[in-house]
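Novice: Prediction below, plus the sequence it came from.
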Amino acid sequence: RAGAAHARACEQNATAAGRDSAPPVLLLAHAAGLTKECWSPFVDTLLAAGAPVAGYLSLDFGGHGGSDGADHADGHFGSLCPANIREVLRDAGLLGEGDDA
């Protein structure tokens, strides 16, 4: 399968930063107009290929999918995304209060 071969190639060309030899947790964020569910086929292929990941976290940005409200009413997304991602990482226990992603 092309998907499994691509997942293996990505694994071979990946660089893990941070926690030494622990398998990474993937943070998956969607593009404009999509939702976190767009990652399901990718995750299924990655896990079926046996990729060494500890888990994954896919998220919906404000105003998309199951998220609350449209945090981007002024049409400017860039300034809100880092804060939203840090909040999600903290809520999931993947980032401490003093950590900055």
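Specialist: Cool, got the structure.

Novice: what residue ranges in the chain score low on pLDDT?
Specialist: Along the chain, segments meeting pLDDT under 70 span 1-21, 61-81, 97-101.

Novice: Strands of that one, start to end?
Specialist: Chain-ordered strands for the chain, with DSSP state E as the definition, fall at 25-29, 55-59.

Novice: For the first one, which outside residues touch it?
Specialist: Outside of strand 25-29, the residues that reach it under the criterion CB atoms under 8 Å, 6 or more residues apart in numbering are 36, 39, 42-43, 46, 53-59, 61, 81, 85, 89, 94. For every residue, glycine as well, the C-beta is placed using N, CA and C.

Novice: if we go to 10 Å?
Specialist: Contacts to strand 25-29, defined as CB atoms under 10 Å, 6 or more residues apart in numbering, come from residues 14, 19, 36, 38-40, 42-43, 46, 51, 53-61, 81, 84-85, 88-89, 92, 94, 101.

Novice: Now list the buried members of the residues you listed.
Specialist: Among the contacts of strand 25-29, those classed as buried by neighbour count (16 or more other CB atoms under 10 Å) are 36, 39, 42-43, 46, 51, 53, 56-61, 84-85, 88-89.

Novice: just checking, which of these belong to helices?
Specialist: Per DSSP state H, helices hold the following members of the buried ones among the contacts of strand 25-29: 42-43, 46, 84-85, 88-89.

Novice: Can you name the two of the residues you listed that sit furthest apart?
Specialist: Greatest spatial distance in these: L46 and N84, 23.8 Å, computed using CB to CB.

Novice: So for L59, what's the nearest residue that isn't a sequence neighbour?
Specialist: With CB to CB, 6 or more residues apart in numbering as the criterion, L59 has its nearest non-adjacent residue at 5.1 Å, and that residue is V88.

Novice: Can you give me the buried ones in stretch 90-98?
Specialist: Buried residues in stretch 90-98, counting neighbours by 16+ other CB under 10 Å, are found at L95.

Novice: Could you measure from the nearest residue to Y56 once chain neighbours are set aside over to N84?
Specialist: Once flanking residues are discounted, Y56 sits nearest to L26: 4.1 Å by CB to CB, 6+ apart. With distances taken as CB to CB, to the nearest Å, L26 is found 17 Å from N84.
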